[in-house]
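Asker: Got a sequence here, can you model it:
(one chain, ligands or ions: 1)
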Amino acid sequence: MTEIFDVAVIGGGAAGLSGAVVLGRSRRSVVVIDAGSPRNAPAEGVHGFLSRDGIGPRELVEIGRTEVERYGGVVVPGTAVAARRTDGPFEVRLDDGRSIEARRLLVTTGLADELPDVPGVAERWGRDVVHCPYCHGWEVRDQPVAVLAINTDLAVHQAMMFRQLTPDVTFLQHTAAAPSEEQAAQLNAWGIEVIAGIVESVEVAEDRISGARLGDGSVVACSAVVVVPRMVANSGVLAGLGLSPAPHPMGFGESIAADPTGLTEAPGVWVAGNAADLTAQVVSSASGGAAAGAAINADLIAEDTRLALKVLSRDYWDERYGSGKRGTGDKPNPQVAAAAADLPAGTALDVGSGTGTDSIWLASRGWKVTGVDLSDVALERAARRAAEAGVDVTWHQADLADWEPGAAEFDLVSAQYIHLPRPVREALHRRLAASVRPGGTLLIVGHHPADLEQPVRYPRLPHLMFTGEEIASVLDPAEWDVTVSAPERSVEHDGHKLTLTDAVMRAVRRPT
Ligand SMILES: Cc1cc2nc3c(=O)[nH]c(=O)nc-3n(C[C@H](O)[C@H](O)[C@H](O)COP(=O)(O)OP(=O)(O)OC[C@H]3O[C@@H](n4cnc5c(N)ncnc54)[C@H](O)[C@@H]3O)c2cc1C
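Answerer: Sure, this is the predicted structure:
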């Protein structure tokens, strides 16, 4: 995919989809990459999610995907296998070879439940082998339940949790250490019997658990088995970003450390849901995703604000022109060449003249040109290039945000790709219009908002882009004959072949 998304969400369960909805509603471009296996898929229904109680896990995901798409989000089925930070955006690679670029990552890959290796456990998982009193405790209320222990502390805790739901709880010690004296007393106080011995298998009759068979051949009758799986965040995709899961303080497993908004130690990378919080349920995973989505939006706003300030500063342009990469060509902007071809040479104002390519080209065709730019560095280079070309151009350093050209002074006023915030831009365009002589031409060209759909690397600041119609709206139709267009041009950009669109407004001031 060629688009650079604001955010790539890896994992489209409750957490990821919820984050994507928040981001989509914030007009962020967002892609959700999802392998399609929510952790609770084996369960019949989602419980404890206010207003959604009992909904099928896959139905919940389907609804979530529709909501993401409603706000312009894109859901890509597939598995992300690696992520890395490039000089610019993050790059996420999928198992089918595709790659996706995004400015921020929200990783909501959930976790893997490592189940005890006892025949019948994996087969019945999510049905009558259960782990969570809040998810499916109500469904086994008043039934005989056996807790299959691996970690004594967690199993004792779990036995007492399920004792709240049913009076018939048995503690099967299995591979765990024997309960401490204190734990044994607690279990005894609740009437929970402790049985030592390895559980060989979970017995099933007529598609329902009937008991747990021990090594000595005896069977403990029960209709549900409770396990506490070791829970490990699905984090393989984070390895390339230097993130790995850390042990949970209570021994539940391993999760990715993050601050309360989900921000990890890797700048620009957030986690939410079970990947960050092993005990999060569906509603809290959705909540974590929403919080992360809001935090990412705020972070992007902060970055865009820094960028918006930067592109207006003289230092930024001095640095860009100083690097020598910009403004080396000698071909004029095509719209300038086209306009000048139709006009006799006269006086021209090149607004934002940079290193002077358009100015020098016009001057070499007999125009008397004034070039104006914010950057001293650009103007010094322009002056050198004009001298080399043997032409005279008047160079002028000024901030276009408040610079006032002479009234009705020029036969051609050209502003190519000058991007300023709208009120400043409109005021500049009014001043430029006033500087055109009756009969003269005002030519304004810029990056069209359609380019935001393309993976262009120049600052992605939608509020600085404009259409020809928007530019034309500042002119008095009684005074101007206006033509607007949106021509496309093909460019090679960072290895991608792109079609970019220009916003062009050419207006001729009617003679008085
Ligand atoms: C059997 C069972 C029943 C449960 N019942 C309930 C219940 O009734 N109520 C409740 O609140 N909670 C329940 N839970 C807990 C619930 O499953 C989790 O809270 C919830 O799924 C966490 O949401 P999540 O978005 O973090 O992860 P998930 O829902 O697991 O979603 C993660 C998504 O990421 C995808 N993914 C993973 N790796 C990649 C990758 N590399 N690239 C692309 N996609 C990837 C997965 O395929 C999956 O679609 C249950 C859990 C289990 C195991």
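Asker: Can you mark which positions in the lengthiest helix in the chain are buried?
Answerer: In the chain, assigned by DSSP state H, the helix with the most residues is helix 282-310. Within helix 282-310, the residues that count as buried by 16 or more other C-beta atoms under 10 Å are 282-297, 299-300, 304. Backbone N, C-alpha and C define where each C-beta goes, glycine included.
Asker: Also near the ligand: which of these, exactly?
Answerer: 282-283, 285 (C-beta under 6 Å from any ligand atom).
Asker: where along the stretch 151-300 of the chain do the helices fall?
Answerer: 152-163, 181-189, 282-310 (DSSP state H, counting those that start in this stretch).
Asker: got the contact list for the second one?
Answerer: Helix 181-189 is touched from outside by 152-153, 156, 159-160, 171, 178-179, 193-194, with contacts defined as C-beta atoms under 8 Å, 6 or more residues apart in numbering.
Asker: hmm, 7 Å instead?
Answerer: 152, 156, 159-160, 171, 179, 194 (C-beta atoms under 7 Å, 6 or more residues apart in numbering).
Asker: and of the residues you listed, the nearest to the ligand?
Answerer: A159 (18.9 Å; C-beta to the nearest ligand atom).
Asker: now the closest one: how far from E193?
Answerer: 10 Å (C-beta to C-beta, to the nearest Å).
Asker: if I look at the two, which residues touch both of them?
Answerer: By C-beta under 7 Å, 6+ apart, the residues touching both A159 and E193 are F171.
Asker: Between these two, point out the one with more neighbours.
Answerer: A159 (25 against 13; other C-beta atoms under 10 Å).
Asker: Surely that one touches I192?
Answerer: Yes - shown here, A159 and I192 form a contact pair, counting by C-beta atoms under 7 Å, at 5.3 Å.
Asker: Quickly list what's touching both of those two.
Answerer: Residues touching both A159 and I192 (C-beta under 7 Å, 6+ apart) are 169, 171.
Asker: Find the residue closest to A146 in space, skipping its chain neighbours.
Answerer: C222 (4.1 Å; C-beta to C-beta, 6 or more residues apart in numbering).
Asker: Same check on P332?
Answerer: Nearest non-adjacent residue to P332, counting by C-beta to C-beta, 6+ apart: W361, 4.0 Å away.
Asker: Run through the helices of the stretch 351-500 of the chain in chain order.
Answerer: So, for the stretch 351-500 of the chain - with DSSP H, counting those that start in this stretch - the helices run 357-364, 376-389, 422-434, 468-472.
Asker: Go through these and pick out the most buried.
Answerer: Among the helices of the stretch 351-500 of the chain, judged by mean count of other C-beta atoms under 10 Å, the one packed with the most neighbours on average is helix 357-364 (a mean of 24).
Asker: what about that one, distance to the chain center?
Answerer: 43 Å (C-alpha atoms, centre = their mean, to the nearest Å).
Asker: pLDDT on it, on average?
Answerer: Mean pLDDT, helix 357-364: 97.
Asker: Tell me what angle that helix forms with helix 376-389.
Answerer: 30 degrees (axes from the mean of the first three to the mean of the last three C-alpha atoms, to 10 degrees).
Asker: list the helices and strands helix 357-364 packs on?
Answerer: Contact here means 3 or more C-beta pairs under 7 Å, 6 or more residues apart in numbering; DSSP states H and E; on that basis helix 357-364 packs against strand 347-351, strand 368-373, helix 376-389, strand 393-397.
Asker: The third one vs strand 393-397, what angle?
Answerer: By that I understand helix 376-389. Using the same axes, to 10 degrees, helix 376-389 lies at 170 degrees relative to strand 393-397.
Asker: ok, residues contacting helix 376-389?
Answerer: The contact list for helix 376-389, computed with C-beta under 7 Å, 6+ apart, reads 317-318, 321-322, 327, 353-356, 359-360, 363-364, 371, 373, 393, 395, 397.
Asker: give me that answer again for 8 Å
Answerer: Residues outside helix 376-389 that contact it (C-beta under 8 Å, 6+ apart): 314, 317-318, 321-322, 327, 353-357, 359-360, 363-364, 371, 373, 392-393, 395-397.
Asker: can you check stretch 469-482 too?
Answerer: 426, 429-430, 433, 442, 444, 446, 484, 503, 505-510.
Asker: let's see 7 Å
Answerer: With C-beta under 7 Å, 6+ apart as the contact definition, stretch 469-482 has outside contacts at 426, 429-430, 433, 444, 484, 503, 505, 507-510.
Asker: Let me know the closest of these to A450.
Answerer: A503 (8.9 Å; C-beta to C-beta).
Asker: number of nearby residues for the closest one?
Answerer: Neighbour tally, A503, other C-beta under 10 Å: 24.
Asker: What's the mean pLDDT across the helix or strand containing it?
Answerer: Per DSSP states H and E, A503 falls inside strand 496-509. For strand 496-509, mean pLDDT rounds to 92.
Asker: So the residue nearest to F49 when sequence neighbours are not counted versus Y134, what's the distance?
Answerer: Nearest residue to F49, sequence neighbours excluded (C-beta to C-beta, 6+ apart): V283, at 4.6 Å. Here the criterion is C-beta to C-beta. By it, V283 lies 10 Å from Y134.
Asker: Which neighbours do those two have in common?
Answerer: Jointly contacting V283 and Y134 under the rule C-beta under 7 Å, 6+ apart are G48.
Asker: packing partners for the least confident helix or strand in the chain by mean pLDDT?
Answerer: Lowest by mean pLDDT, DSSP states H and E among the helices and strands of the chain is strand 488-493, with a mean of 84. Packing partners of strand 488-493 (3+ C-beta pairs under 7 Å, 6+ apart): strand 496-509.
Asker: that older thread, need the contact partners of the strand holding A503.
Answerer: Residues contacting strand 496-509 (C-beta under 7 Å, 6+ apart): 2, 335, 339, 436-446, 448, 450-451, 454-456, 466-468, 471-472, 475, 479-491.
Asker: Buried only: go through those residues for me.
Answerer: Neighbour counting with 16+ other C-beta under 10 Å marks 335, 339, 436-437, 440-446, 448, 450-451, 454-456, 466-468, 471-472, 475, 480, 482, 484 as buried within those.
Asker: Can you name the helix or strand that N40 falls in?
Answerer: Counting by DSSP H and E, N40 is found in no helix or strand.
Asker: Poorly predicted segments of this structure, please.
Answerer: 1-2, 325, 327, 455-459, 493-496 (pLDDT under 70).
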